[in-house]
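Student: I would like to see how this sequence folds:
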Amino acid sequence: MSATRLLVLGVLRFMQPAHGYEVRRELISWRLEENANVKPGSIYGALRTLEKDGCIAVHAHSEGDGRPEKTTYVVTGEGEKEFQVLLREAWWTVTWPKEPLLPALCLMIGLPREELIRALGARMAKLQADLDAISFKRSLIRDGADPAAGEIPEHVREILDFVTARGRAELEWAKGFQRRLRDGYYQLRGEPGIPPLGPGQGWPRHSQT
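Tutor: As a prediction, this is how the structure comes out:
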């Protein structure tokens with residue numbers, strides 16, 4: 001929530017007065033929906049929370065041509081302080097992202113070797129496809145791009161480069177891990193030293209005397 005809060009507050013800060021759709025459209029142009037988990041619902045939820053917390057205030061309500069009412073917002077003095085705190089906190093704090101693969105790595109002995117090798121192959125193919133797509137998106141960003149004209153801002157290159165660096169690191173790790181599995185590293189399901197596990201049957205333990 002703090003990442004979305006910072007992004008929404010920051011975009012509104014330089015677009016104000018602006019309504020939710022304008023904030024959402026701007027963040028989409030930064031290619032953040034997947035990489036920062038900035039979904040439309042979370043954007044509007046952040047706006048409501050920011051208003052409740054006194055960080056933004058309603059500037060005007062407008063409607064016309066049978067369209068739903070639009071509410072435009074501006075940043076308050078409290079919102080400016082919140083923005084400065086969140087921005088500096090994000091830059092000066094290193095937080096390791098939660099990795100959903102870690103639990104699977106802890107329990108990898110529950111799968112046979114050949115399946116793990118194939119799963120890594122599928123993972124590498126997906127990573128490479130994503131990296132190719134990011135590279136293409138980056139190539140579309142023009143030097144001197146004008147965000148006001150609907151072009152992707154130049155600084156989005158840094159966002160894409162950051163995501164690319166992490167993706168390449170995982171790709172290289174996956175290649176090495178797959179090689180190690182093929183070379184016989186570790187004991188896995190169905191191999192000597194790994195007992196059959198299942199309902200009511202756990203890992204044999206040494207008796208205590």
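Student: switch to C-alpha atoms for all contacts and neighbour counts from now on
Tutor: Noted.
Student: Residue 169 and residue 5: what is the separation?
Tutor: Here the distance between residue 169 and residue 5 works out to 29 Å (CA to CA, to the nearest Å).
Student: which element follows the helix or strand bottoming out on mean pLDDT in the chain toward the C-terminus?
Tutor: When the helices and strands of the chain are scored by mean pLDDT, DSSP states H and E, helix 20-29 comes last with a mean of 83. Using DSSP states H and E, the helix or strand that follows helix 20-29 towards the C-terminus is helix 40-52.
Student: how far off helix 20-29 does that next one point, in degrees?
Tutor: Counting by axes from the mean of the first three to the mean of the last three CA atoms, to 10 degrees, helix 40-52 lies at 130 degrees to helix 20-29.
Student: Could you list the paired strands of the helix or strand that helix 40-52 is followed by along with their orientation?
Tutor: Sequence order places strand 56-62 as the next helix or strand after helix 40-52, per DSSP H and E. Sheet pairing here is set by DSSP bridges, and for strand 56-62 it gives strand 70-75 (antiparallel).
Student: Residue 169 and residue 5: which has the busier surroundings?
Tutor: residue 5 (20 against 10; other CA atoms under 10 Å).
Student: how about that one, secondary structure?
Tutor: State at residue 5, reduced to three classes by DSSP: H, G, I helix; E, B strand; the rest coil: helix.
Student: quick one: the residue lying closest to it once chain neighbours are set aside and residue 174, what's the gap?
Tutor: Using CA to CA, 6 or more residues apart in numbering and skipping the chain neighbours, the partner closest in space to residue 5 is residue 46 (5.7 Å). As for residue 46, its distance to residue 174 is 36 Å (criterion: CA to CA).
Student: Also residue 104?
Tutor: Using CA to CA, residue 104 is found at 14 Å from residue 174.
Student: that older thread, more crowded one of residue 46 and residue 174?
Tutor: Between residue 46 and residue 174, counted using other CA under 10 Å, the more crowded position is residue 46 (21 against 18).
Student: Good, we can wrap up now.
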